[in-house]
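In: Got a sequence here, can you build the structure:
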Amino acid sequence: MSPRTRSGSSSAARIIAVVADILAFIIILWILMYLLDANRGNDFVQWIYDAATWLAGWSHDLFTFDAEWARVVAGYGLAAVVYLFIGHAVASRIRR
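Out: Next up, the predicted model:
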């Protein structure tokens, strides 16, 4: 394989890993903001909430714990872990 092709796949893998990290960071940031009782009237907090809810739409109401904070941590946290795992697995596969 030529160095040019290997460099291209390495760049693509790096981009995929960075995107997965950013998506997980947004979700984790929302979890922290929720736990710290951030002001939802703030535009930045609302944007993070909307983005995290969209990204974790498939998992944010997956668990039915009695405590709401546990549902937020488990539901959104699962989405963050899945993004990290799949993103880095795909990046690793591309690097090969």
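
In: When you work out contacts or count neighbours from here on, use the C-alpha atoms and nothing else.
Out: Fine.

In: Could you pull out the buried residues of the strand or helix carrying residue 45?
Out: Following DSSP states H and E, the helix or strand that holds residue 45 is helix 43-55. Under the neighbour-count criterion of 16 or more other CA atoms under 10 Å, helix 43-55 has 45, 48-49, 51-53, 55 buried.

In: Figure out how far it is from the centre of its chain.
Out: 12 Å (CA atoms, centre = their mean, to the nearest Å).

In: ok, back up a step: next, format the buried residues of helix 43-55 as CSV and append distance to residue 89 and pLDDT.
Out: Below are the buried residues of helix 43-55 laid out as CSV (distance: CA to CA, whole Å; pLDDT from 0 to 100):
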residue, distance to residue 89, pLDDT
45, 30, 97
48, 26, 97
49, 27, 96
51, 23, 97
52, 22, 96
53, 24, 94
55, 19, 95
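
In: For these, give me JSON lines that also has distance to residue 70.
Out: Formatted as JSON lines, the entries for those read as follows, by distance: CA to CA, whole Å:
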{"residue": "45", "distance to residue 70": "20"}
{"residue": "48", "distance to residue 70": "19"}
{"residue": "49", "distance to residue 70": "17"}
{"residue": "51", "distance to residue 70": "20"}
{"residue": "52", "distance to residue 70": "16"}
{"residue": "53", "distance to residue 70": "16"}
{"residue": "55", "distance to residue 70": "18"}
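
In: Name the residue closest to the centre of this protein, please.
Out: Note on the chain: the residue nearest the mean C-alpha position is residue 24, at 2.0 Å, using CA atoms, centre = their mean.

In: Next up, the contacts around that one.
Out: When contacts are counted by CA atoms under 8 Å, 6 or more residues apart in numbering, residue 24 touches 79-81, 83-84.

In: could you redo the last one with a cut-off of 10 Å?
Out: Listed by CA atoms under 10 Å, 6 or more residues apart in numbering, the contact set of residue 24 reads 18, 30, 52, 55-56, 76-85, 87.

In: Would you show me how to pick out the buried ones of those residues in PyMOL?
Out: The PyMOL command for the buried members of the contacts of residue 24 (criterion: 16+ other CA under 10 Å) is given here:
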select buried, resi 18+30+52+55+56+76+77+78+79+80+81+83+84+85+87
